[in-house]
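Peer 1: Need a 3D model of the following:
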Amino acid sequence: MQDLSTLEDKTILTGDRPTGPLHLGHLAGTLQARVAPQDKNDVTILVADMQALTDNAGRAADVAANVREVVLDYIAAGIDPDRVTIVRQSDLPALSELTMLYMNLVTVPRLMRIPTIREEIAQRGFGDGTPAGFLCYPVSQAADITAFGADIVPAGADQAPLVEITGEIAGKVNRMAGRNVLVTPTLMQSNAPRLPGIDGAGKMSKSAGNAIALRDNPEEIRAAVMRMFTDPGHLKVSDPGKVEGNVVFTMLDAFDPDATAVEDLKHQYRAGGLGDMVLKRRLDGILQELLAPMRARREEAASDAGLVGHILEEGRKRAHMTTMETLGDVRRAFGLEGRPGRSAALTELVSLGEDCEAGKVHEGLVGAISASHTRFSA
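Peer 2: So this is what the prediction gives:
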């Protein structure tokens, strides 16, 4: 991924589905990179609980409980809630309404052409039973991205088609409005390899039992490293070993700060004479050093029972105004009247103020001001 620390004055949106605790796969993906831009940019991290329900409706209670765990993981990784807006997707009603409006601009065949959608439907074995919400989650993502006016979306290569469809939707809305009301986002693609599970079978996933979570204790980390898949043909130390597909080397590539040393170890392993336990002990030491301060930050944050709730409420207040303003613009592009966004609410308040200055005070003024304030800041 391009160095996010070089960015200034950008609006950045990223996030995660709260289907379980965050793990090393998230850390190597975009989580570490999110820390750098939080001083000089407008960064929002969305805890996408609504999207998580598209294939976890039967685990709704788990998804809700995982929201707190994910926020604690953000803090552990170095995300500062005072500099970053952390918000729960379901707390922003504008996102659901934008999703509904955008679905009128996208066809089912277009959604089915998205490679990520086809792959994930196959992986989950949905077949003809694919939930409608799951098929349409790219539209929900488009609503998220455009609602915040994000011009930068840090994500993996698999998200490129989803960002592309967001651009298509934004273009259609802008043409309907006759002006640019939505920003066309740019994908800042991560070049970090997707980490496999410790068993070497598929990607790392806590639900599959093949992940190392950021919150895991030293014993859990060490046990997971010792179970890592290496080269089943490397039976003796003297045997030449295979680096490709060896999870320990994949982890060293991702987290060992001494890349030169790792290349030397690969050479020795391929030639024979280097045992798996030497590599695993090295990796264990690196991961223990990496995760210990994160675990300490997490434990400190978790000791404050009200902290996560406060963070999410502050995030909701900030994000509500931004997303409602976007919704107001999109509704007008569709020719819809009714509940205004932020711009319309401000206009109404200005109009009421002018009435007061002109002496046109009436009994309904207080109620009207209260209603406008509710639209603007609720």
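
Peer 1: Not counting its neighbours along the chain, what's nearest R118?
Peer 2: In space, and not counting its chain neighbours, R118 is closest to M112: 6.7 Å by C-beta to C-beta, 6 or more residues apart in numbering. For every residue, glycine as well, the C-beta is placed using N, CA and C.

Peer 1: And the one you found, what's its pLDDT?
Peer 2: As predicted, M112 sits at a pLDDT of 94.

Peer 1: quick one: contacts for P21?
Peer 2: Contact analysis of P21 by C-beta atoms under 8 Å, 6 or more residues apart in numbering lists 66, 69-70, 73, 206, 213-215.

Peer 1: Please report phi then psi for it.
Peer 2: phi -60, psi 150 (degrees, to the nearest 10).

Peer 1: In stretch 55-63, which residues are buried?
Peer 2: 55-56, 59, 63 (16 or more other C-beta atoms under 10 Å).

Peer 1: do you know how far the residue nearest to R118 is from Q141?
Peer 2: 16 Å (C-beta to C-beta, to the nearest Å).

Peer 1: These two: which is more packed in?
Peer 2: Neighbour tally, M112 and Q141, criterion other C-beta atoms under 10 Å: the higher count belongs to Q141, 23 against 12.

Peer 1: what about that one, which helix or strand?
Peer 2: Using DSSP states H and E, Q141 sits in helix 137-147.

Peer 1: outside of the helix or strand just after that helix, which residues touch it?
Peer 2: Counting by DSSP H and E, the element after helix 137-147 in chain order, helix or strand, is strand 152-155. When contacts are defined by C-beta under 8 Å, 6+ apart, strand 152-155 is touched by residues 1, 4, 7, 10-14, 30, 33-34, 41, 145, 159, 162-163, 166, 185-190.

Peer 1: and if we set it to 6 Å?
Peer 2: 10, 12-14, 30, 163, 185-188 (C-beta atoms under 6 Å, 6 or more residues apart in numbering).

Peer 1: For ChimeraX, write the select line for the buried members of these.
Peer 2: With 16+ other C-beta under 10 Å as the burial test, the buried ones among these are selected in ChimeraX as follows:
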select :10,12,13,14,30,163,185,187,188
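
Peer 1: Dump the contacts of strand 152-155 to TSV, plus distance to L283 and secondary structure.
Peer 2: Shown next, in TSV, are these (distance: C-beta to C-beta, whole Å; DSSP: H, G, I helix; E, B strand; the rest coil):
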residue	distance to L283	secondary structure
K10	35	coil
I12	31	strand
L13	33	strand
T14	27	strand
T30	22	helix
V163	33	helix
P185	36	coil
T186	35	strand
L187	31	strand
M188	28	strand
